Structure formats: C-alpha cells, structure tokens
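J.: Any chance you could fold what I've pasted below:
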Amino acid sequence: MYYVTAERERLVEFLPKGAAGAEIGVAEGTFAGILLEECAPARLHLIDPWGAYEDAGDDAARGRFLANAVADRGGGAPAAGRASAGDDRAFQAVQNRFRGDARVQIHRTYSYRAAATLPDKTLDFVYLDGDHTYEYVLRDLLDYAGKIKEDGLILGHDYFEDAFAAQENYAVIGAVNAFLARSGFIFVALTWDKFPTYVLARRLEGFAGEFLRNLLESDVFAIDLPTSLAFSYREFSYKRRDGSERRIPSFTRA
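T.: Numbers count the residues shown, from 1 in each chain. You can find the predicted model right below:
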C-alpha cells in the first residue's frame, strides 16, 4: 500500500484516460467536473438521489437487504424523507453544468438502484462519496465491486475518524476494512490529506497497474507500507498550545 501526499484532485490525474467511470454522491458536481477535466473519461455516470431517504415502503425493503449484506453489523434504514427545494436546485445545477456533454449520464436515484441498471464488469473505476454510515458504505462497495472490470479501481472519500465523524455516524474505515476482509480486493493507496481518499483493486495490472505507474512516476511523495497496516489506520487529535487541534494520521493506534 502506498501512502501518498496528494489530495484527491491530484490523485485522479493518474487515472488512465478514456475510461468508463462512475461517481456516487455528486452534490453540485464540483468533483465530477474535475474527473471530466483531469481523467478525460469516455463515459462518466453521475449517481445521486439529490434528495432525502426513501419512503417507508422502500425503507423496509432496503433494511432487509442491508441486513443480509452486512450480517455482522446491525442497523436498519434511516427515517423516511422527501427531496427539498435545495436538493432540486443542486440537481438542476448538475443538469445545467453538464448539459451537452455526451460523456455524462446522470442518474437521479439511489446508488444500489443505479447499480442494478449497470451491466457487470463495464466500469474502469468508481468513486464512492455517498452515505458514509457503515451499512451504506459497505453496500456500495459490494454493489460496485461487480460493476468494475477485473483490472478496475474502487476509490472512495473520507477515510477518517474524528469527533465530527463520530457525531455524523461516519464509519468509512470500518466498512472498507470489512470489505477487504471478505473480498479479493487489496489496498493500493491512501492519501494524506484532511479528507483521505482510498484506492482499492483486485490486482495491479491493466487499468489499475497503469494508474499505479502514473502515480509512482509523478512527483507525488509516496511511502510504501505493508498492506496489513491499512487495517490499523486511525487518526488522533493533537491539541496545540494555542488551543487549536491538529489531526495526526497513525498506523499504530488501532
């Protein structure tokens, strides 16, 4: 595993051009614009419900398959909700931003539903930045592992833990580690920045191999660490004398 001093905006520059990709969790499309500019994909699926959680009937169904997919962790589906005017505005902003770009296909739906419409093994990469709770991150990993090609990549945002993450019930680290423990994927890279991005692959050849070569041939500083240390990654808060706090990455405080 390579621990690299790059933010995600720099990291995605190393994705091979002309790929087929997807972003889960699009918001107003800022990062999607970066993916299109830096990666020059042939196709980019933008997937986001641009709204609140599903209605009660769908909640019950989703709660059942989440329970099946995450047998070692409890937790039902969230409370029901509806799209707000702000959600609609964000969706419209994305539509306006990418109108006329033949590479872009917008899916206003939940990530698991979009996954059901995408053929297996047709994506070179997927970037996960949707719901950050344990069950939903793990569900996205399980769903989209089947959608990427054998040499494809799964990337994801916010691989961190702090007071904010605990308050918001983020559990990206736990979900990724659980996925790695039960799948054929390996940890390829992790960024050293405020909101780290992780990179996973089945094997380092083809698309994934070219990404890694691009990374290692760049000027980005990289540290080669035993893959086993990825499971130990945590962060701790250091309080400075001026009262401010600094988040310190650690591979020893699991």
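
J.: May I have the residues that are in contact with Gly152?
T.: Leu123, Asp124, Phe125, Val126, Ala201, Arg202, Phe207, Ala208 (Cβ atoms under 8 Å, 6 or more residues apart in numbering). (Glycine included, C-beta is placed from N, CA and C.)

J.: now it, nearest residue through space, not along the chain?
T.: Using Cβ to Cβ, 6 or more residues apart in numbering and skipping the chain neighbours, the partner closest in space to Gly152 is Asp124 (5.0 Å).

J.: Just give me the neighbour total for Thr109.
T.: 16 (other Cβ atoms under 10 Å).

J.: can you check the one 5 residues further on too?
T.: Using other Cβ under 10 Å, Ala114 has 22 neighbouring residues.

J.: what do you get for Gly18?
T.: Quick note: Gly18 (other Cβ under 10 Å) scores 11 neighbours.

J.: cool, and Thr133?
T.: So Thr133, with other Cβ under 10 Å, has 18 neighbours.

J.: next one: Gly243
T.: 6.

J.: Lys147 versus Pro119, what's the distance?
T.: 8 Å (Cβ to Cβ, to the nearest Å).

J.: What strand or helix carries Tyr170?
T.: In the assignment (DSSP states H and E), Tyr170 maps to no helix and no strand.

J.: Please apply the same query to Leu138.
T.: Here Leu138 is assigned to helix 134-145, by DSSP H and E.

J.: Under the pLDDT cut-off, which ranges of the stretch 101-250 of the chain? List them.
T.: Applying pLDDT under 70 to the stretch 101-250 of the chain flags residues 162-166, 168.

J.: Now do the strands in this protein.
T.: 2-4, 20-24, 43-47, 104-107, 123-128, 148-156, 186-191, 198-201, 222-224, 234-239, 245-250 (DSSP state E).

J.: before we move on, back to that, of the contacts of Gly152, which is the nearest to Phe160?
T.: Closest approach between those and Phe160, by Cβ to Cβ: Val126, at 19.9 Å.

J.: The closest one and Gly25 touch, don't they?
T.: No - in this structure, Val126 is not within contact of Gly25 by Cβ atoms under 8 Å, at 10.9 Å.

J.: Comparing Pro119 and Lys147, which residue is more hemmed in?
T.: It is Lys147, of Pro119 and Lys147, that has more neighbours when counted by other Cβ under 10 Å, with 21 against 8.

J.: Relative to Leu36, how far out is the more buried one?
T.: Distance from Lys147 to Leu36, by Cβ to Cβ: 19 Å.

J.: what do you get for Ile47?
T.: 15 Å.

J.: Looking at those two, which one has more neighbours?
T.: Between Ile47 and Leu36, Ile47 has the larger neighbour count (other Cβ under 10 Å), namely 27 against 20.

J.: From what I see, the more buried one and Ser111 are in contact.
T.: Yes - at 5.5 Å, Ile47 counts as touching Ser111 under the criterion of Cβ under 8 Å.

J.: Between those two, which contacts overlap?
T.: Ile24, Gly25, Gly130.

J.: what's around the first one, how many residues?
T.: Each residue near Ile24 was counted by other Cβ under 10 Å, and the total is 26.

J.: Would you check that it makes contact with Asp131?
T.: No - counting by Cβ under 8 Å, Ile24 does not reach Asp131; the two are 9.1 Å apart.

J.: what touches both of those two?
T.: Asp140.

J.: Who has more neighbours out of Val126 and Gly25?
T.: Neighbours around Val126 and Gly25, counted as other Cβ under 10 Å, are more numerous at Val126. The numbers are 27 against 21.

J.: dump the residue contacts of that one.
T.: Applying Cβ under 8 Å, 6+ apart, the residues contacting Val126 are Gly21, Ala22, Glu23, Ile24, Tyr144, Lys147, Ile148, Gly152, Leu153, Ile154, Leu155.

J.: That one pairs with what?
T.: Under DSSP bridges, the beta-bridge partners of Val126 are Ala22, Ile154.
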